[in-house]
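**Student:** no FASTA, just this:
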């Protein structure tokens, strides 16, 4: 988590396959709740969000992206683990270049040595019904 008072620029990739989207599972220890969000990560200084998107997918799940299209910008103010967060999200729609990713049930990837996450396909209906929590909420505007 970042230092307080810092705005983080991140990039997320919305990958849709029919009525399902590819998301990573997160857990908030303070709220003791599971949440989901699209894959992506931080944009480095001197790097475009487009380049960061490709790098993050390569680093995290060794995936090449194709049909990358800019969707928009989301400003996300949130509380995670009892700490305030502030993100500027550059959101892109994209597809996996390799069709094998569409066959996956789920996969485990490492953001760092200590942080392991699960990425999986989830039916959009499960988010819309409120059964599962998709963050940030504004994400629904793009589904």
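**Tutor:** The structure has been received and is ready for your questions. Since the structure is predicted, the reported quantities are computational estimates derived from the model, not experimental observations.

**Student:** only C-alpha atoms for contact and neighbour calcs from this point on.
**Tutor:** Fine.

**Student:** what's the spacing between the longest helix seen in the chain and its chain's center?
**Tutor:** The single longest helix within the chain, with elements called by DSSP state H, is helix 49-61. Centroid displacement of helix 49-61 relative to its chain, using Cα atoms, centre = their mean, to the nearest Å, is 11 Å.

**Student:** can you give me the strands in this structure?
**Tutor:** For the chain, applying DSSP state E gives strands covering 8-14, 16-17, 20-28, 33-42, 65-80, 83-96, 106-110, 116-123.

**Student:** List the strands paired with the third one, with their directions.
**Tutor:** Strand partners for strand 20-28, identified by DSSP bridges, are recorded as strand 16-17 (antiparallel), strand 33-42 (antiparallel), strand 116-123 (antiparallel).

**Student:** what's in contact with the first one?
**Tutor:** It stands for strand 16-17. 22, 94-95, 102 (Cα atoms under 8 Å, 6 or more residues apart in numbering).

**Student:** mind running it again at 7 Å?
**Tutor:** residue 22 (Cα atoms under 7 Å, 6 or more residues apart in numbering).

**Student:** on that earlier part again, between the strands of the chain, which one is closest to residue 141.
**Tutor:** strand 65-80 (10.3 Å; Cα to Cα).

**Student:** okay, the angle between the lowest-mean-pLDDT helix or strand in the chain and helix 49-61?
**Tutor:** Every helix and strand in the chain was compared by mean pLDDT, DSSP states H and E; the lowest is strand 106-110, with a mean of 87. Angle, strand 106-110 to helix 49-61, by axes from the mean of the first three to the mean of the last three Cα atoms, to 10 degrees: 100 degrees.

**Student:** residues of strand 106-110 that come out buried?
**Tutor:** Neighbour-count burial for strand 106-110 flags 106, 109 (criterion: 16 or more other Cα atoms under 10 Å).

**Student:** Tell me the strands beside it, with direction?
**Tutor:** With DSSP bridges as the test, strand 106-110 pairs up with strand 116-123 (antiparallel).

**Student:** That's all I had, so thanks and see you.
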